[in-house]
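**Q** With the input below, show me the fold.
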Amino acid sequence: MLKSLQYLYLSDNQMNGSIPRSLGQLSELIRLDLFWNSWEGNITEAHFINLTNLKRFSIGPDLDDIEKPMSLVFNVSYDWVPPFKLLQIVITNCNVGPSFGVWLQSQTELADVFLCRTGISDSIPEQWLLKLSSQLEHLDLSYNQFRGRLSSNKLMRFPNLRIISLDHNQFEGPLPLWSTNATILDLESNLFSGPIPSNFDKLMPELKELYLSENHLNGTFPPSICNMQDLTIISLRSNHFFGEFPDTWSSESHIRIVDVAYNNLFGNIPTSMGVLNSLEILKLNNNNFGSKIPDSLHNCSVLKSIDLGDNKLFGSIPPWIGGSNVSMFYMLRLRLNFFTGHFPK
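**A** Presented below is the predicted three-dimensional model:
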């Protein structure tokens, strides 16, 4: 009865139980969307046996189950080669690992890859990435145990890649040298080490959000990042960056959040940060900054949260922070410094 079915959308329901193997007989199926349900049991080769035309496949729990233990398992052999070539794969909170099997490596026409919370603890085959490089648009492998190094000894070009989310894994070694027009780069909570490339602004000229927190990165903060006018979020907390924070910020910047807490930065808080008209959150805490709070920060008219705690700042607290201005902030943290005098009335 459904032999000619091409599009099957079952997402965002309250479906549960096991997925019927008879889906594998829908040979004309192009898109199979099983997302946001409460499936359980096993998925085997039989579920895909005749899906030769399948291009888009998505499956995962509903939003209320996203943190619960995985109840759906991909029970397929490591060297199984599916009969389809997908353009999009979305698998969330389903047990696919621990290996990055041949059935995934054989998907070399993908533009969108979302494999989140899938229990994979393997390395990413470099040849697989190279085959995807020209058409890949979204790459999300977050919250797994991917390990090993990403290619950093040669420049890899991803001209169409817009979102890179590799956070909460176990990648190590230098940051990957990828040339891309990505707008989001999220590598948080990994084991990356070494410096940020000095030409970072040239590698990712359209970047809007940069998340590198909770790694083992070191070196100085590249001044070139201050020139990235589209950048709105910089999150570098909990690394080993040292040296002075660049004083080359531009009034043309659209930066909203700067978080470099828990590093080894020292010297002055840059006065040029006062030209950042979009700055809302500034976190410089737990460093070694040793200057007065610059009056220029008063010009950041939308600044709502300041954390300068656990530094070596001195002098008096400027009047623009105290008095009636305190109500401007939803968070103001100045503890464990060397301030003198009274808090401004």
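
**Q** from memory Asn16 sits against Gly41, does it?
**A** No: using Cβ atoms under 8 Å, Asn16 makes no contact with Gly41, being 10.0 Å away. (Each C-beta comes from the backbone N, C-alpha and C, glycine too.)

**Q** Give me the below-cutoff pLDDT ranges for the chain.
**A** Applying pLDDT under 70 to the chain flags residues 1, 62-66, 152-154, 323-325.

**Q** any idea which helix is longest in it?
**A** The residue-count maximum for a helix in the chain (DSSP state H) belongs to helix 126-132.

**Q** buried ones in that one?
**A** Across helix 126-132, burial judged by 16 or more other Cβ atoms under 10 Å covers Trp128, Leu129, Lys131, Leu132.

**Q** any idea which helix or strand comes after that helix?
**A** strand 138-140 (DSSP states H and E).

**Q** which other residues reach that following strand?
**A** By Cβ atoms under 8 Å, 6 or more residues apart in numbering, the residues outside strand 138-140 that reach it are Ala111, Asp112, Val113, Phe114, Leu115, Cys116, Leu161, Arg162, Ile163, Ile164, Ser165, Leu166.

**Q** wait, which of these is closest to Leu5?
**A** Asp112 (22.3 Å; Cβ to Cβ).

**Q** Pairing partners for the closest one in the sheet, please.
**A** Taking DSSP bridges as the rule, Asp112 bridges to Gln88, His138.

**Q** what about it, distance to Glu214?
**A** Asp112 sits 26 Å away from Glu214, taking Cβ to Cβ, to the nearest Å as the criterion.

**Q** OK, contacts around the residue nearest the centre of the chain?
**A** Nearest to the mean C-alpha position of the chain, counting by Cα atoms, centre = their mean, stands Asp186 at 2.2 Å. Shown in contact with Asp186 (Cβ under 8 Å, 6+ apart): Ser142, Ile164, Ser165, Leu166, Asp167, Glu209, Tyr211.

**Q** Scan those residues and report the most crowded one.
**A** In terms of neighbours by other Cβ atoms under 10 Å, the contacts of Asp186 top out with Ile164 at 24 neighbours.

**Q** just checking, that residue touches Leu185?
**A** Yes: between Ile164 and Leu185 there is a contact under Cβ under 8 Å: 5.0 Å.

**Q** all helices for the stretch 151-300 of the chain, in order.
**A** 200-203 (DSSP state H, counting those that start in this stretch).

**Q** Just the strands from it, written as ranges.
**A** 156-158, 163-165, 170-173, 178-180, 184-186, 191-194, 209-211, 216-219, 233-235, 240-244, 257-259, 264-267, 281-283, 288-289 (DSSP state E, counting those that start in this stretch).

**Q** So for Ser121, which of those strands sits nearest?
**A** strand 170-173 (7.9 Å).

**Q** Report all helices and strands that that closest one contacts.
**A** strand 147-149, strand 191-194 (3 or more Cβ pairs under 8 Å, 6 or more residues apart in numbering; DSSP states H and E).

**Q** Just the buried positions in that strand, please.
**A** Residues of strand 170-173 classed as buried: Phe171, Gly173 (neighbour count, 16+ other Cβ under 10 Å).

**Q** And for stretch 49-67?
**A** Applying 16+ other Cβ under 10 Å to stretch 49-67 flags Asn50, Leu51, Leu54, Lys55, Arg56, Phe57, Ser58, Ile59, Gly60, Pro61, Asp62, Asp65 as buried.

**Q** what's the answer for stretch 92-107, then?
**A** For stretch 92-107, by 16+ other Cβ under 10 Å, it's 92-97, 100-104, 106-107.

**Q** Same question for stretch 73-88.
**A** Result for stretch 73-88 [16+ other Cβ under 10 Å]: buried residues Phe74, Val76, Pro82, Phe84, Leu86, Leu87, Gln88.

**Q** again with stretch 219-229
**A** Of the residues in stretch 219-229, Gly219, Phe221, Pro222, Ser224, Ile225, Cys226, Asn227, Met228 count as buried by neighbour count, 16+ other Cβ under 10 Å.

**Q** neighbouring contacts of it?
**A** Contacts of stretch 219-229 (Cβ under 8 Å, 6+ apart): 194-202, 205, 207, 210, 231, 234, 236, 241-246, 248-250, 252-254, 260, 265.

**Q** Please check the residues you listed and keep the buried ones.
**A** 196-197, 200-201, 207, 210, 231, 234, 236, 241, 245-246, 249, 253, 260, 265.

**Q** and which of those is nearest to Ser278?
**A** Among the buried ones among the contacts of stretch 219-229, and counting by Cβ to Cβ, the member closest to Ser278 is Ser253, at 7.2 Å.

**Q** That closest one and Gly274 touch, don't they?
**A** No: using Cβ under 8 Å, Ser253 makes no contact with Gly274, being 11.8 Å away.

**Q** Does Ala182 touch Glu206 like I think?
**A** Yes: with contact defined as Cβ under 8 Å, Ala182 counts as touching Glu206 (7.0 Å).

**Q** neighbour count winner among the two?
**A** Ala182 (25 against 12).

**Q** Pull the contacting residues for that one.
**A** Ala182 sits next to Phe158, Leu161, Arg162, Ile163, Ile164, Met204, Glu206, Leu207 when contact means Cβ under 8 Å, 6+ apart.
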